[in-house]
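Q: sequence and predicted model, in that order:
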Amino acid sequence: MNDQMTPEQAKEIMVKEIQDSGINPQSFVQLGDMARKAIKQKEFYPMVVDAAIKFGIAEPGDLGGEINYKHLATMVAFGKVAQEMSGQPGMMQ
């Protein structure tokens, strides 16, 4: 049995999570853009954490003090999906 999730299944889950969150999809897009910058320049990480808390995507203490590239990659992915959902032209690539 294959326990691997297909990209399509992952996207479906992210779409549902975005819709169920009650958070404006634009917040996910903005956070994804910020996370992409933080991956390249880690000094942006505290701003990503602050924005995630401000947008209601994370609670204080959820993201820790050290940079977490898995969290950042997840934020980038959610931002990309939210961008596609809203039909915005691609800023994130």
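A: Here it is on my side, so go on.
Q: show me what the strand or helix carrying Ala35 is in contact with.
A: Taking DSSP states H and E as the criterion, Ala35 maps to helix 25-40. Residues from elsewhere that reach helix 25-40, judged by C-beta atoms under 8 Å, 6 or more residues apart in numbering: 18, 44-45, 47-48, 51-52, 55-57, 67, 69, 71-73, 75-83, 85-86, 88, 91-92. C-beta here means a position set from N, CA and C on the backbone, and glycine is covered the same way.
Q: which among these count as buried?
A: The neighbour count (16 or more other C-beta atoms under 10 Å) marks 18, 44-45, 48, 51-52, 55, 57, 67, 71-72, 75-83, 85, 92 as buried among the contacts of helix 25-40.
Q: these in strands, which ones?
A: Here DSSP state E is the test, and the buried ones among the contacts of helix 25-40 give no hits in strands at all.
Q: which of the residues you listed fall in helices?
A: Taking DSSP state H, the ones among the buried ones among the contacts of helix 25-40 that sit in helices are 18, 45, 48, 51-52, 71-72, 75-83, 85.
Q: quick test: name the residue nearest the centre of the chain.
A: Met75 (1.9 Å; C-alpha atoms, centre = their mean).
Q: from Gln19, how far out is it?
A: 17 Å (C-beta to C-beta, to the nearest Å).
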